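Trainee: please work out how this folds:
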Amino acid sequence: EVQLQGWGGGLVQAGGSLRLSCAASGLTFDDYTIGWFRQAPGKEREGVSCKSSGDGTTYYADSVKGRFTVSRDYNKKMVYLQMNSLKPEDTAVYYCNGRWRGSDYWGQGTQVTVSS
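Mentor: Coordinates of the predicted model:
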């Protein structure tokens with residue numbers, strides 16, 4: 001069974017930093033594109049950042065470019081999202097995501113709240 005468990009959210013002031021972590025199990029980690037989505041109240045879930053399998057191509061939403069960094073540790077089957085210069089508009093529940101052959105798997109979500 002594929003399982004993703006994310007953690008690391010919290011309350012931070014604008015301009016601060018947080019690091020999200022996600023542990024993956026029950027999958028061939030190298031085969032999956034792994035990343036993060038977020039969902040703010042009243043809004044649709046949106047992709048934040050991901051790192052693909054294979055060539056490790058990295059994607060960032062325009063709204064987080066230059067502030068967030070995604071990384072993955074193949075040995076530990078972990079993926080991280082370093083979030084710097086946080087803004088109130090980054091407030092959302094963040095979900096770890098694993099994608100393989102069109103199937104999506106989700107972590108339980110971790111709340112990030114950025115106060116102004």
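
Trainee: quick one: the strands in the protein?
Mentor: 3-7, 10-13, 18-25, 33-39, 46-51, 58-60, 68-73, 78-83, 92-100, 103-106, 110-115 (DSSP state E).

Trainee: tabulate the ones you listed (JSON lines), appending mean pLDDT and mean neighbour count.
Mentor: (C-beta placed from N, C-alpha, C; glycine too.) Output for the strands of the chain, formatted as JSON lines (pLDDT from 0 to 100; neighbours: other Cβ atoms under 10 Å):
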{"stretch": "strand 3-7", "mean pLDDT": "96", "mean neighbour count": "17"}
{"stretch": "strand 10-13", "mean pLDDT": "98", "mean neighbour count": "13"}
{"stretch": "strand 18-25", "mean pLDDT": "97", "mean neighbour count": "19"}
{"stretch": "strand 33-39", "mean pLDDT": "97", "mean neighbour count": "22"}
{"stretch": "strand 46-51", "mean pLDDT": "96", "mean neighbour count": "19"}
{"stretch": "strand 58-60", "mean pLDDT": "96", "mean neighbour count": "15"}
{"stretch": "strand 68-73", "mean pLDDT": "95", "mean neighbour count": "18"}
{"stretch": "strand 78-83", "mean pLDDT": "97", "mean neighbour count": "22"}
{"stretch": "strand 92-100", "mean pLDDT": "96", "mean neighbour count": "21"}
{"stretch": "strand 103-106", "mean pLDDT": "95", "mean neighbour count": "13"}
{"stretch": "strand 110-115", "mean pLDDT": "98", "mean neighbour count": "17"}
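
Trainee: report the contact partners of the nearest residue to Ser52 once chain neighbours are set aside.
Mentor: Distances taken as Cβ to Cβ, 6 or more residues apart in numbering place Thr33 nearest to Ser52, at 4.5 Å, with adjacent residues excluded. By Cβ atoms under 8 Å, 6 or more residues apart in numbering, the contact set of Thr33 is Cys50, Lys51, Ser52, Ser53, Gly98, Arg99, Trp100.
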